[in-house]
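1. sequence? don't have it. structure:
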């Protein structure tokens with residue numbers, strides 16, 4: 001078995017394990033949660049109102065449904081999602097009270113569902129119906145087919161073969177050092193080196209971007225230079241939020257960009273760059289509308305002959321239907337032509353990896369792929385858009401959040417190691433951005449020492465910025481207070497109510513002293529976040545300047561003040577989830593001007609990291625005992 005085949009088959013095994021575990025967790029959670037809990041997560045609509053029923057493509061029954069309430073809860077329903085319509089009329093689990101379908105159109109609180117039955121069940125009109133989002137295998141199926149593509153040699157282009165060999169270490173990466181372009185003056189020294197590495201790379205390059213070092217700024221300048229060279233550039237990230245940020249920044253730089261993806265997943269300000277919007281605004285789009293209008297007229301005429309009384313009428317209907325289909329085909333061809341026209345006109349295409357394989361982009365090829373957030377993306381996901389390019393630039397930080405992998409077995413066997421992390425040891429392909437523009441130097445120093453070989457440097461504009469004369473970094477120690485953690489449900493159902501109450505005791509003073517500062521309250525534990533949110537609501541603290549979120553929820557964000565509640569406090573010195581130091585790196589580096597950590601030193605000092613962090617804070621006069629704040 002050749003190296004590539006063995007490599008990708010092993011990843012495929014792990015991905016199947018992960019898919020099975022993900023589906024199992026999703027279905028179990030769906031089964032045990034109440035309707036209200038599912039509504040709050042955005043995976044259930046209830047009550048559901050049916051606006052219309054009709055027979056659409058292939059005579060399949062379609063229903064147009066709407067949610068009129070709960071507009072403040074998330075909406076996780078998008079075109080292409082598999083759903084289950086259920087009856088809650090008799091609170092029954094009878095199989096007859098369910099019907100599955102697929103969303104064919106989505107517009108906010110209104111969606112169209114194609115049902116998997118030809119007839120409407122009786123209970124559908126009884127009221128008290130809802131809709132659950134089912135586990136969707138589409139992303140997994142795309143990744144699995146991608147791994148099959150890379151495992152074989154059949155169908156691989158020369159570019160793909162070369163890229164595969166370089167990434168797998170079978171061939172050395174190459175750089176064209178003779179090719180020179182004007183270095184962007186707006187970039188700092190380390191950003192210029194990363195820019196140069198990316199421009200000169202012939203196959204693969206890595207931009208290592210620690211927190212606040214201007215990774216997005218560097219990416220935009222790289223894309224700008226590649227476009228000036230005449231290249232077509234595909235820009236991907238695993239989250240829609242990251243793709244939107246990149247799209248906005250690229251457009252602001254004056255680059256011709258088109259954003260691919262479901263419009264319901266794209267921010268309002270980015271819809272102007274969306275493929276659908278650009279096609280609709282095209283000078284020739286009127287022809288598509290005219291052809292579709294004429295096709296609809298012919299279909300309506302044909303329906304008059306639906307009950308066939310004689311041969312002449314049957315033939316008449318046949319001819320009209322033929323003309324209607326011909327007009328619709330012409331409309332589709334014209335629409336496809338306009339889509340290609342927009343794609344060719346815009347040298348830069350932005351999307352998530354799975355969308356890069358959608359029919360709109362079809363067999364389009366690009367010169368360069370820039371993949372952001374590569375450090376927190378599962379490796380199989382990264383390989384999807386690589387099929388379409390000659391050169392790959394990965395950007396991210398393997399020392400921040402890792403890829404989310406739900407199967408312990410798949411994680412243990414390597415699925416949680418990103419492609420970016422695997423490539424970091426390759427000689428000469430990566431450049432680290434070293435100047436950060438976010439944190440006061442005292443906040444930056446400990447992560448720099450622990451994670452980045454002391455290479456980070458605070459830019460002069462942020463080096464000494466602060467809010468008041470208090471210590472920039474503080475540790476509030478709950479040791480000796482008896483604030484012990486509670487284990488509610490394993491493995492992550494842990495909270496520490498008394499520690500959370502201490503945070504809430506500190507908060508009013510912090511808010512009063514820093515009236516216009518943005519504040520983030522972070523904890524690695526979801527139950528702690530849930531309790532903090534409940535208490536803030538009860539106490540009427542609803543300032544838009546205060547955000548309470550898990551570490552993962554704060555990735556990519558920053559606040560003037562960050563308060564971290566570490567939760568763990570026990571006699572066994574078990575720190576569990578806190579062992580994931582990359583999450584702590586993310587939590588600490590969200591702070592711009594002040595960092596306050598609340599925790600139990602007697603539990604935490606079993607770890608070299610936390611004992612070192614406490615010593616560092618003490619050296620900057622930031623240590624406080626919780627007793628100072630307990631009345």
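-> Now that the structure is in, tell me what you want to look at. Bear in mind the structure is a predicted one, so any value in this text is a computation, not a measurement.

2. pLDDT (mean, whole number) over the longest helix along the chain?
-> Criterion DSSP state H: the longest helix present in the chain is helix 311-345. Mean per-residue pLDDT for helix 311-345: 76.

3. Any regions of the stretch 251-400 of the chain where pLDDT drops low?
-> By pLDDT under 70, the low-scoring segments of the stretch 251-400 of the chain are 302-310.

4. could you pull out the strands for it?
-> 257-259, 348-351, 368-372, 391-396 (DSSP state E, counting those that start in this stretch).

5. Make CSV from those and add mean neighbour count and distance to residue 173 to it.
-> From N, CA and C alone the C-beta is placed, and that goes for glycine too. Converted to CSV, these look like this (neighbours: other Cβ atoms under 10 Å; distance: least, Cβ to Cβ, whole Å):
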stretch, mean neighbour count, distance to residue 173
strand 257-259, 27, 28
strand 348-351, 27, 24
strand 368-372, 25, 14
strand 391-396, 26, 10
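
6. got JSON lines for those strands, with distance to residue 166 too?
-> Putting these into JSON lines (distance: least, Cβ to Cβ, whole Å) gives the following:
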{"stretch": "strand 257-259", "distance to residue 166": "28"}
{"stretch": "strand 348-351", "distance to residue 166": "23"}
{"stretch": "strand 368-372", "distance to residue 166": "14"}
{"stretch": "strand 391-396", "distance to residue 166": "9"}
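
7. Please, where are all the helices along the stretch 451-600 of the chain?
-> 497-513, 526-538, 551-554, 581-588 (DSSP state H, counting those that start in this stretch).

8. Could you check how far residue 535 is from residue 497?
-> 9 Å (Cβ to Cβ, to the nearest Å).

9. on that earlier part again, and residue 505, which of the strands of the stretch 251-400 of the chain is closest to it?
-> Nearest to residue 505, of all the strands of the stretch 251-400 of the chain, is strand 391-396, at 37.8 Å by Cβ to Cβ.

10. Strand 368-372 and the closest one, what's the angle between them?
-> Interaxial angle, strand 391-396 versus strand 368-372 (axes from the mean of the first three to the mean of the last three Cα atoms, to 10 degrees): 10 degrees.

11. Name the residue closest to the centre of this protein, please.
-> residue 239 (2.3 Å; Cα atoms, centre = their mean).

12. out of everything not next to it in sequence, what's closest to it?
-> Spatially, and ignoring its direct neighbours in sequence, residue 239 is nearest to residue 373 (6.5 Å; Cβ to Cβ, 6 or more residues apart in numbering).

13. Per-residue confidence at the residue nearest to residue 19 when sequence neighbours are not counted, what does it come out as?
-> Distance criterion Cβ to Cβ, 6+ apart; nearest residue to residue 19, sequence neighbours excluded, is residue 140 at 4.4 Å. pLDDT recorded at residue 140 is 96.

14. same check, this time on the one 5 residues further on
-> Turning to residue 145, the model gives it a pLDDT of 96.

15. Checking it next. Helix, strand or coil?
-> helix (DSSP: H, G, I helix; E, B strand; the rest coil).

16. Count the neighbours of it for me.
-> If you count neighbours by other Cβ atoms under 10 Å, residue 145 ends up with 11.

17. Report the contact partners of the residue nearest to residue 239.
-> 237, 238, 239, 242, 395, 396 (Cβ atoms under 8 Å, 6 or more residues apart in numbering).

18. Tell me which two in those are the farthest apart.
-> 239 and 395 (13.7 Å).

19. before we move on, back to that, want to throw the helices of the stretch 451-600 of the chain into TSV with mean pLDDT?
-> Formatted as TSV, those follow (pLDDT from 0 to 100):
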stretch	mean pLDDT
helix 497-513	95
helix 526-538	93
helix 551-554	88
helix 581-588	96
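
20. Export those as TSV, with columns for mean neighbour count.
-> Shown next, in TSV, are the helices of the stretch 451-600 of the chain (neighbours: other Cβ atoms under 10 Å):
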stretch	mean neighbour count
helix 497-513	17
helix 526-538	17
helix 551-554	18
helix 581-588	22
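
21. Adding distance to residue 194 as columns, could you present those helices in JSON lines?
-> Below are the helices of the stretch 451-600 of the chain laid out as JSON lines (distance: least, Cβ to Cβ, whole Å):
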{"stretch": "helix 497-513", "distance to residue 194": "37"}
{"stretch": "helix 526-538", "distance to residue 194": "35"}
{"stretch": "helix 551-554", "distance to residue 194": "25"}
{"stretch": "helix 581-588", "distance to residue 194": "20"}
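
22. Quick one, which of the ones you listed gets closest to residue 594.
-> helix 497-513 (8.2 Å).

23. Which elements pack onto the closest one?
-> strand 519-523, helix 526-538, strand 559-565, strand 591-599 (3 or more Cβ pairs under 8 Å, 6 or more residues apart in numbering; DSSP states H and E).

24. switch the cut-off to 7 Å
-> Counting contacts by 3 or more Cβ pairs under 7 Å, 6 or more residues apart in numbering; DSSP states H and E, helix 497-513 packs against helix 526-538, strand 559-565, strand 591-599.

25. so can I have CSV of these showing distance to residue 124?
-> Shown next, in CSV, are the helices and strands packed on helix 497-513 (distance: least, Cβ to Cβ, whole Å):
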stretch, distance to residue 124
helix 526-538, 35
strand 559-565, 47
strand 591-599, 52
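
26. Which one, of those, ends up nearest to residue 473?
-> Per Cβ to Cβ, nearest to residue 473 of the helices and strands packed on helix 497-513: strand 591-599, 4.9 Å.

27. Does anything pack onto the closest one? Which helices or strands?
-> By 3+ Cβ pairs under 7 Å, 6+ apart, strand 591-599 packs against strand 473-477, helix 497-513, strand 559-565.

28. Pairing partners for that strand, with directions?
-> As defined by DSSP bridges, the strand partners of strand 591-599 come to strand 473-477 (parallel), strand 559-565 (parallel).

29. still on that earlier bit, so which of the strands of the stretch 251-400 of the chain gets nearest residue 461?
-> Among the strands of the stretch 251-400 of the chain, strand 391-396 sits nearest to residue 461 (Cβ to Cβ), with 23.0 Å.

30. Can you tell me what sits against that closest one?
-> Strand 391-396 has contacts (Cβ atoms under 7 Å, 6 or more residues apart in numbering) with 163, 198, 201-207, 209, 215, 219, 222, 367-376, 386, 419-420, 423.

31. Rounded mean pLDDT for the helix or strand just after it, please.
-> Per DSSP states H and E, strand 391-396 leads on to helix 408-410 as the next helix or strand towards the C-terminus. For helix 408-410, the mean per-residue pLDDT is 96.

32. Need the contact partners of helix 408-410.
-> Under Cβ under 7 Å, 6+ apart, the answer for helix 408-410 is 14, 17, 18.

33. Check the secondary structure at the first one for me.
-> Local secondary structure at residue 14 is given as helix here, using three-state DSSP.

34. Give me the neighbour count for it.
-> Neighbour number of residue 14 under other Cβ under 10 Å is 22.

35. any idea how far it is from residue 164?
-> 18 Å.
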